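A.B. asks: have a look; sequence and predicted model below, questions after that.
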Amino acid sequence: MRRGFELVVVLLAALLVLGAHVARAQDDDDDDEEDQATLVKALPQAKVSLEQALLAGEQAGTPISAKFEVEEGKLQLSVYTMKADKFSEVVVDHVSGKVAKIEAITASKGYQAFSVVPSLKDGHPVAEVSLARGLELKTMQIALK
C-alpha cells in the first residue's frame, strides 16, 4: 500500500514538473515550437509510457521526473532519479522499456545537490542543479544529452 502511495506521489510530482515544462515551452520562440513539433511527430514511436519509464528508473534510485525528447534526431525517454544525495539520468528504451544507460549527474566537489529540475535553455534540454556548501548556495546547468 505504501509503495503504491509513494508511486502516486512521484507520478504527481513528475506531472507537475512536466506540466510546468510544457507551459514554459509554449512561451518560447519559433525554434522551440519546431523542437516541440519534431517531438510530437516522433511520439508515436514510443511503446512505453512515462509511468513505465518511472518504474524502470527505480533501479537507479527514486524517480523525480521523466520526459520524452528528441536527441540527435532520435526519440529518447529520460528519467531523472535521486539516490541519497546523488542524481542520475536514466535513459529508457522507448520501445522495450528496458534501461539503456544510467549516467550520473555530477556537480562541483564539496557541494551537495539538493534539487534537480529539467528545463530548456535556448531550445536545448538542461538540468538545473541547485547546490549547497554550508550556507553557500549556487545553481548550475548541465546539458542533457
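C.D. replies: Ah, there it is.

A.B. asks: okay, buried residues for stretch 47-62 please.
C.D. replies: 48, 50, 52-58, 60-61 (16 or more other CB atoms under 10 Å). Any C-beta I mention is one placed from the backbone N, CA and C, and that applies to glycine too.

A.B. asks: would you mind measuring the gap between the ends of it?
C.D. replies: Taking CA to CA, to the nearest Å, stretch 47-62 runs 23 Å from one end to the other.

A.B. asks: residues contacting that stretch, please?
C.D. replies: 7, 10-11, 14, 18, 63, 66-68, 77, 79-84, 86-88, 90, 92-99, 102 (CB atoms under 8 Å, 6 or more residues apart in numbering).

A.B. asks: so where is this protein shaky, pLDDT-wise?
C.D. replies: Regions of the chain meeting the criterion pLDDT under 70 cover residues 1-31, 107-109, 145.

A.B. asks: now the strands for this protein?
C.D. replies: Secondary structure of the chain (DSSP state E): strands located at 62-71, 74-83, 86-92, 99-105, 112-121, 124-133, 136-143.

A.B. asks: export these as TSV, with columns for distance to Pro44.
C.D. replies: What follows is the strands of the chain, written out as TSV (distance: least, CB to CB, whole Å):
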stretch	distance to Pro44
strand 62-71	11
strand 74-83	9
strand 86-92	17
strand 99-105	20
strand 112-121	22
strand 124-133	21
strand 136-143	27
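
A.B. asks: give me the buried subset of the contacts of stretch 47-62.
C.D. replies: Buried subset of these (neighbour count, 16+ other CB under 10 Å): 10-11, 14, 18, 63, 66-68, 77, 79-82, 87-88, 90, 92-94, 99, 102.
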